[in-house]
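>>> have a look at this fold, sequence not included:
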């Protein structure tokens with residue numbers, strides 16, 4: 001139960017005048033509304049009669065409309081004013097009502113024994129903000145809708161005796177404040193003795209003092225004075241605590257997304273070395289780049305059966321035979337002066353593939369190969385000397401220094417490679433298709449029953465009887481030969497197909513040399529690189545920046561989760577439970593006493609002397625008993641005790 005003492009009030013008179021003035025206006029407006037409403041009724045009934053005929057007055061109707069419109073405006077204003085006032089005063093109360101709310105909330109909270117002061121003269125304080133955060137009370141507003149101060153308004157409890165307490169409620173709203181003090185008692189008869197005892201923890205802390213004073217032995221130190229123990233009263237100082245009730249707040253939600261994971265770069269110190277352009281391999285002090293070996297098909301013809309090579313044929317010559325009687329053939333070639341060897345081209349049917357009628361041969365097809373060409377010159381480009389040319393190079397584009405210019409820039413020769421179509425050696429390219437001719441695909445035969453296929457299947461032949469005629473000394477050639485010249489200058493000749501020999505000759509692109517081992521190599525001098533520090537990133541990380549500003553990161557996916565921003569809170573599902581917290585504020589002494597550590601000393605002024613100021617700052621240690629095992633700024637000594 002609690003008993004209210006005389007409250008201390010500080011209310012501005014101007015505020016009272018303003019409120020009285022406001023409430024005086026409201027009935028005046030209502031009175032005007034009633035007067036205006038009575039006028040249109042009178043206007044509506046005002047009519048004139050002349051000769052028994054009713055004549056409506058136009059002027060009267062016009063005034064009636066204006067009066068009705070005025071009534072509507074006044075009524076609308078009153079409705080808006082009332083709605084606004086009601087809306088603004090939804091959570092607004094007078095000082096007395098708000099003080100009563102705070103008193104009731106504080107009394108209920110302090111009914112719990114563990115929430116009260118433990119020792120006589122001890123005080124605990126709970127601010128209005130603590131009450132609102134712990135959902136003990138809603139936001140407090142004054143009657144004008146102004147939010148009351150959450151930090152300066154409070155409810156404190158002081159223990160006067162073992163059973164009696166003093167409850168102080170202080171409220172500050174919009175520059176006005178009021179304090180009320182109540183004597184309260186709590187009925188703890190329903191609680192057993194075990195539940196009323198509280199375990200206390202001895203806490204200590206080191207206090208740094210920038211201006212430290214010392215006193216003679218036997219004197220008490222109090223500020224800048226040393227107090228004599230004669231006629232001295234010593235009592236324990238009153239501790240003051242700030243209590244923060246347990247709070248249950250909504251946890252924050254972190255949606256799934258991405259985050260960046262950073263690691264330190266790999267730092268490698270490189271000694272002085274030689275460096276090659278991209279694509280080159282360092283060999284000693286030279287940079288060597290291997291290119292693709294290409295081949296040219298070289299075709300030669302040989303005559304294994306004798307004769308003289310002549311293009312793709314072999315030329316055979318012999319002497320002409322002189323005769324007075326000449327055997328001849330109407331067609332074909334005369335053999336042994338009595339037979340004619342007649343030939344014609346064989347016919348072909350294809351066992352495999354397709355027939356090429358233009359050359360009477362069979363072939364198969366396949367898709368042409370697509371491969372990169374050799375490096376082709378693509379022009380000259382110019383970049384600054386500090387430009388990183390390596391990042392422009394790819395497997396299809398490369399750069400070669402052509403000239404260092406006077407303006408500090410470098411001119412490069414740019415080379416590119418293109419994809420081209422090609423066939424296997426000896427095959428013929430037709431668009432994007434390759435033709436492979438092979439005699440194995442052919443089945444040769446001779447048309448006509450008189451013709452036979454030669455043993456080498458090179459031609460079809462038949463024999464016919466030669467014809468004869470008398471000549472006056474003629475020159476003739478053996479079978480298969482043709483005659484050239486006349487008379488004694490007659491010679492005989494024939495051509496046979498030479499053996500075709502195809503050889504591949506290797507060669508290299510421009511700028512490459514063909515080595516004795518059949519490789520294409522381009523050689524240039526390596527660049528000497530002074531000692532430097534190289535910064536790289538581990539596998540899977542992306543590099544950003546250069547030199548000492550290098551950072552390595554990678555993007556990772558994070559899961560959604562709930563979390564608490566308060567480090568002391570415990571996450572329970574989607575709520576954060578912030579435990580009750582008691583914080584030591586300060587010591588206080590009764591009037592006339594001086595504070596010395598955690599003691600209050602009262603003495604005669606004449607029994608004190610000035611303290612001696614030390615040359616250097618010192619520190620001292622102080623202790624308190626706390627209900628909290630972990631108290632911010634303090635360290636538990638390991639000692640405990642129970643307080644009833």
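Alright, I've got the coordinates. A quick note: this is a predicted structure, and the numbers were derived from the prediction, not measured.

>>> average pLDDT for stretch 304-323?
For stretch 304-323, the mean per-residue pLDDT is 86.

>>> where does residue 619 fall, secondary structure wise?
Using DSSP states H and E, the element containing residue 619 is strand 618-626.

>>> okay, buried residues for that strand please.
Within strand 618-626, the residues scored as buried using 16 or more other CB atoms under 10 Å are 624-626. In short, each C-beta sits where N, CA and C put it, glycine included.

>>> what is the nearest of the residues you listed to residue 305?
Distance to residue 305, by CB to CB, is smallest for residue 626 among the buried residues of strand 618-626, at 122.2 Å.

>>> quick check: the gap between the closest one and residue 152.
Separation of residue 626 from residue 152 (CB to CB, to the nearest Å): 25 Å.

>>> give me the mean pLDDT for the next helix or strand after the strand holding residue 619.
Next helix or strand after strand 618-626 toward the C-terminus (DSSP H and E): strand 635-643. The average pLDDT within strand 635-643 is 80.

>>> and stretch 244-259, by the same measure?
Stretch 244-259 carries an average pLDDT of 82.

>>> now find how far off-centre that stretch is within its chain.
23 Å (CA atoms, centre = their mean, to the nearest Å).

>>> buried ones in it, by neighbour count?
Under 16+ other CB under 10 Å, the buried positions of stretch 244-259 are 244-245, 247, 249, 251.

>>> what residues does that stretch touch?
With contacts defined as CB atoms under 8 Å, 6 or more residues apart in numbering, stretch 244-259 is touched by 109, 115, 126, 130-131, 133-136, 555-565, 569, 571, 573-583.

>>> list the contacts for the nearest residue to residue 544 once chain neighbours are set aside?
Distances taken as CB to CB, 6 or more residues apart in numbering place residue 551 nearest to residue 544, at 5.0 Å, with adjacent residues excluded. Contacts here follow CB under 8 Å, 6+ apart; on that basis residue 551 touches 262, 265, 543-545.

>>> how about CSV for those, with pLDDT and secondary structure added?
Converted to CSV, the contacts of residue 551 look like this (pLDDT from 0 to 100; DSSP: H, G, I helix; E, B strand; the rest coil):
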residue, pLDDT, secondary structure
262, 90, strand
265, 93, coil
543, 91, strand
544, 91, strand
545, 91, coil
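
>>> any idea which of those residues has the most stuff around it?
Neighbour count (other CB atoms under 10 Å) singles out residue 265 as the most crowded of those, with 21 neighbours.

>>> confirm residue 96 sits in a strand?
No: counting by DSSP: H, G, I helix; E, B strand; the rest coil, one finds residue 96 to be helix, located in no strand.

>>> okay, it: pLDDT?
We have a pLDDT of 86 for residue 96.

>>> residue 86 too?
Looking at residue 86, the pLDDT reads 48.

>>> got any ranges where the stretch 251-400 of the chain has weak pLDDT?
Along the stretch 251-400 of the chain, segments meeting pLDDT under 70 span 324.

>>> so residue 250 bridges to which residues?
Beta bridges link residue 250 to residue 575, judged by DSSP bridges.

>>> OK, contacts around residue 328?
Counting by CB under 8 Å, 6+ apart, residue 328 has contacts 334, 466-469.

>>> what's the closest of those to residue 420?
Distances from residue 420 to the contacts of residue 328, taken by CB to CB, are shortest for residue 334, at 53.7 Å.

>>> I'd guess the closest one is in a helix, am I close?
No: using three-state DSSP, the secondary structure at residue 334 is strand, not a helix.

>>> now for it: which residues touch it?
327-328, 340-341, 466, 476, 479.

>>> beta-bridge partners for it, please?
Beta-bridge partners of residue 334, as defined by DSSP bridges: residue 340.

>>> measure residue 488 to residue 325 for me?
Counting by CB to CB - residue 488 and residue 325 are separated by 19 Å.

>>> more neighbours: the two, which one.
More crowded of residue 488 and residue 325, by other CB under 10 Å: residue 325, with 11 against 8.

>>> give me the buried subset of the contacts of residue 334.
By 16+ other CB under 10 Å, the contacts of residue 334 give 327, 340-341, 466, 476, 479 as buried.

>>> out of those residues, who's nearest residue 236?
Scanning these for proximity to residue 236, where the rule is CB to CB, the winner is residue 341, at 147.0 Å.

>>> so the closest one sits right up against residue 466, yeah?
No: applying CB atoms under 8 Å, one finds residue 341 not in contact with residue 466, separated by 9.9 Å.

>>> report the set of residues contacting both of those two.
334-335.

>>> any weak-confidence spans in the stretch 501-644 of the chain?
Ranges of the stretch 501-644 of the chain meeting pLDDT under 70: 603-607, 615-618, 643-644.

>>> in three-state terms, how would the nearest residue to residue 155 once chain neighbours are set aside be classified?
Distances taken as CB to CB, 6+ apart put residue 106 closest to residue 155, at 3.6 Å, once the chain neighbours are dropped. Applying three-state DSSP to residue 106 yields a three-state assignment of helix.

>>> what sits against residue 106?
126, 131, 155, 157, 167, 169.

>>> rewinding a little: between the buried residues of strand 618-626, which sits nearest residue 517?
residue 626 (88.5 Å).

>>> for the closest one, give the beta-bridge partners.
Beta-bridge partners, per DSSP bridges, of residue 626: residue 201.

>>> OK, contacts around it?
By CB under 8 Å, 6+ apart, residue 626 lies in contact with 200-203, 582, 584, 634.

>>> select only the buried ones of the residues you listed in ChimeraX?
In ChimeraX, this line selects whichever of the contacts of residue 626 come out buried by 16+ other CB under 10 Å:
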select :200,201,202,203,584,634
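
>>> okay if I get the contacts of residue 626 as a markdown table plus distance to residue 501?
Compiled in a markdown table, the contacts of residue 626 are given as follows (distance: CB to CB, whole Å):
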| residue | distance to residue 501 |
| --- | --- |
| 200 | 113 |
| 201 | 107 |
| 202 | 110 |
| 203 | 107 |
| 582 | 108 |
| 584 | 109 |
| 634 | 104 |
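
>>> which one of the contacts of residue 626 is nearest to residue 416?
Closest to residue 416, out of all of the contacts of residue 626 and judged by CB to CB, is residue 634, at 76.1 Å.

>>> excluding chain neighbours, what is closest to that closest one?
Leaving aside its sequence neighbours, residue 634 sits nearest to residue 203 (CB to CB, 6+ apart; 3.7 Å).

>>> pretty sure that neighbour is touching residue 632, no?
No: with contact defined as CB under 8 Å, residue 203 does not reach residue 632; the gap is 10.2 Å.

>>> which helix or strand contains residue 68?
Counting by DSSP H and E, residue 68 is part of helix 58-88.

>>> circling back: what about the residue nearest to residue 544, distance to residue 260?
10 Å.

>>> show me where the chain has its helices.
13-44, 58-88, 95-110, 128-133, 193-196 (DSSP state H).

>>> tabulate the contacts of residue 106 (a markdown table), appending distance to residue 367.
Below are the contacts of residue 106 laid out as a markdown table (distance: CB to CB, whole Å):
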| residue | distance to residue 367 |
| --- | --- |
| 126 | 88 |
| 131 | 85 |
| 155 | 92 |
| 157 | 96 |
| 167 | 98 |
| 169 | 96 |
